[in-house]
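1. can't give you the sequence, but here's the structure:
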């Protein structure tokens, strides 16, 4: 591990100011990371459900930071492929917690998957997979 | 076709006020719809690229409205599965145009795919597939 | 749980004779199933790697039997959506072990994911997600 | 275009003898290829439907050959990500025709999508997307 949770949070706040208020790094795990979507009015859709793009964004940032934690902040990784299955309506008024596992961290591609739950609930709201392309290191 | 482009736009503005300024219905097609993401500062990431969640949102709303155009605004369709491949960096300062095709409109599930391009460019920025669950009609 | 591992194996052999020699039910788990692909010459590609369709088939049958274990053999579930990421070259001469988790078992849709490994290896060869449509029960 | 349809067929027969009887190259198109799955008993499931793995295989080989037609037979491209939506039951006794479009042919990754139909039918049986990793050329 080459970055701590605090360093990842600082990197996110500095490089992605547009989403700095949306996400929090909960903690790093042996094979990934746990991230929080701090659900606010702007993430909601009619009926109080969290929007699909917000769920996508949580999965995307979780795998991204799980990669950076292991290769450092210099890398300009970009998402190349993704899949999301929406499983259940999130709880109204609860944050979403994304638990990401890094399944492959190769020279060129990294792949992770994510389970997303309403905080305090066991049954997942969504599952996602994300592939990142990692640029050559000079 | 049971809804016009103008009716779809009015429906979107009324039911999804959070995104009414993001999208415009360009026109309906024989098998789908063409939608525009009116790219603004809030959709961008460092380097001027359009964010993944914004591209996801364009694909999602395009297939959603392609379905509603054919079954009407009463249906409470929800996204169940999705996939997005990110192919190229969007043009800086250009809107994104999503061309959706409805591939299946069943009793229970509807499936569409979407090609997303920077306006005026031929090479696609992303391709997406979206599956919606359609609730039983009473 | 309404079917045992032995009942699932018997069901597979009876209903899907074409693949009865390909797969074995290892055991049921609390949230899914563990299945084996008995790798043979017909599953291989040049270089000794297991073919993509064989890996797809293992993921597909694993989620299918994880569902049937919980709803019984009468259901005529069909795959509607699927995604597979290929992560590493399988070990030559080793069976593949698929560990499936059922993430949702709804009235209409069931969703599971699968990690596939060469037997005895920790690093996964592939990950997959599968959605099944479950027909109405009479 | 650096390979003809006949050269692709010869390459397939030579390098992938296990599947040489399954597939035929129909013709190359401006942006892709049209491939045929010669449906036989071994591709079927109970009820006369074509198996999921066979449909996956058709999509996979179609995008693979669409790539090789443009970069030549030396490349050792491997599938990295894939998605398949199953839309309708194939016609009994009909071949499947896969129409692939190459959406990106990059230095490192190539992405295509495929519509699969029963021969002579308009409504698609499945849609698929395939990403290939292309090894560095020396």
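-> Yep, it's here. Quick caveat, the model's predicted, so the values are computed rather than measured.
2. if I pick the nearest residue to residue A:133 once chain neighbours are set aside, what's in contact with it?
-> Ranked by Cβ to Cβ, 6 or more residues apart in numbering or on different chains and with sequence neighbours excluded, the top spatial neighbour of residue A:133 is residue A:80, at 4.7 Å. Yep, even glycine has a C-beta here, placed from its N, CA and C like the rest. By Cβ atoms under 8 Å, 6 or more residues apart in numbering or on different chains, residue A:80 lies in contact with A:109, A:131, A:132, A:133, B:85, B:86, D:81, D:109, D:131.
3. Please point out which parts of stretch A:55-75 sit buried.
-> Buried positions in stretch A:55-75, judged by neighbour count with 16 or more other Cβ atoms under 10 Å in any protein chain shown: A:55-70, A:73, A:75.
4. Just the element for residue A:114, please.
-> Assigned by DSSP states H and E, residue A:114 belongs to strand A:109-118.
5. near chain B, which residues of chain A?
-> Counting by Cβ under 8 Å from any Cβ of the partner chain, chain A comes close to chain B at A:15-16, A:18, A:42, A:44-46, A:51-54, A:56-57, A:60, A:78-86.
6. on contacts alone, who are the packing partners of the helix or strand of chain A with the lowest mean pLDDT?
-> The helix or strand of chain A with the poorest confidence is strand A:44-45; it has a mean of 89 (mean pLDDT, DSSP states H and E). If contacts are counted by 3 or more Cβ pairs under 8 Å, 6 or more residues apart in numbering or on different chains; DSSP states H and E, strand A:44-45 sits against no helix or strand.
7. Which of the residues of chain A next to chain B are buried? Put it as a ChimeraX command.
-> Filtering the residues of chain A next to chain B down to the buried ones (16+ other Cβ under 10 Å) takes a single ChimeraX command:
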select /A:16,44,45,51,52,53,54,56,57,60,78,79,80,81,82,83,84,85,86
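8. which residues in chain A form helices?
-> Secondary structure of chain A (DSSP state H): helices located at A:5-15, A:52-71.
9. Make TSV out of these and add distance to residue C:104 and mean pLDDT.
-> Listed next are the helices of chain A as TSV, based on distance: least, Cβ to Cβ, whole Å; pLDDT from 0 to 100:
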stretch	distance to residue C:104	mean pLDDT
helix A:5-15	30	95
helix A:52-71	15	97
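10. so residue A:109 touches residue A:103, yeah?
-> No: with contact defined as Cβ atoms under 8 Å, residue A:109 does not reach residue A:103; the gap is 10.7 Å.
11. Residue of chain A closest to chain D, please.
-> residue A:81 (4.2 Å; Cβ to the nearest Cβ).
12. Report the beta-bridge partners for that residue.
-> Note on residue A:81: beta-bridge partners by DSSP bridges are residue A:131, residue B:85.
13. Now do the contacts for it.
-> When contacts are counted by Cβ under 8 Å, 6+ apart, residue A:81 is found next to A:129, A:130, A:131, B:83, B:84, B:85, B:86, C:85, D:80, D:81, D:131.
14. try 10 Å
-> Contacts for residue A:81 (Cβ atoms under 10 Å, 6 or more residues apart in numbering or on different chains) come out as A:109, A:111, A:129-133, B:83-86, C:83, C:85, D:80-83, D:109, D:111, D:129, D:131.
15. So which residues on chain A come close to chain C?
-> Within chain A, the positions near chain C by Cβ under 10 Å from any Cβ of the partner chain are A:81-88, A:101, A:103-104, A:106, A:109, A:111-113, A:115, A:123-131.
16. among those, which ones are buried?
-> A:81-88, A:101, A:103-104, A:109, A:111-113, A:115, A:124-131.
17. Next up, the contacts around the residue nearest the centre of chain A.
-> For chain A, residue A:62 is the residue whose C-alpha lies nearest the centre (Cα atoms, centre = their mean; 2.0 Å). Residues near residue A:62 by Cβ under 10 Å, 6+ apart: A:23, A:25-26, A:32-37, A:97-101, A:112-116, A:128, A:130.
18. switch to 7 Å and redo it
-> Residues in contact with residue A:62 (Cβ atoms under 7 Å, 6 or more residues apart in numbering or on different chains) are A:33, A:35, A:98, A:100, A:114.
19. what about the residue nearest to the fourth one when sequence neighbours are not counted, distance to residue D:57?
-> In space, and not counting its chain neighbours, residue A:100 is closest to residue A:62: 3.9 Å by Cβ to Cβ, 6+ apart. Distance, residue A:62 to residue D:57, by Cβ to Cβ, to the nearest Å: 33 Å.
20. Likewise for residue A:8?
-> 41 Å.
21. Equivalent analysis for residue A:133, please.
-> Separation of residue A:133 from residue D:57 (Cβ to Cβ): 26 Å.
22. now do residue A:116
-> Residue A:116 sits 32 Å away from residue D:57, taking Cβ to Cβ as the criterion.
23. Quickly note the distance from the nearest residue to residue A:42 once chain neighbours are set aside to residue A:54.
-> Leaving aside its sequence neighbours, residue A:42 sits nearest to residue B:18 (Cβ to Cβ, 6+ apart; 6.6 Å). Residue B:18 sits 10 Å away from residue A:54, going by Cβ to Cβ.
24. just residue A:114 next, same as before
-> 13 Å.
25. And for residue A:70?
-> 26 Å.
26. Same question for residue A:96.
-> 8 Å.
27. Could you pull out the residues contacting both of those two?
-> residue A:37.
28. which intervals of chain A have sub-threshold pLDDT?
-> Judged by pLDDT under 70, chain A has its weakly predicted residues at A:75, A:137-138.
29. follow-up on the earlier one: pairing partners for the strand holding residue A:114, with directions?
-> strand A:96-105 (antiparallel), strand A:126-133 (antiparallel).
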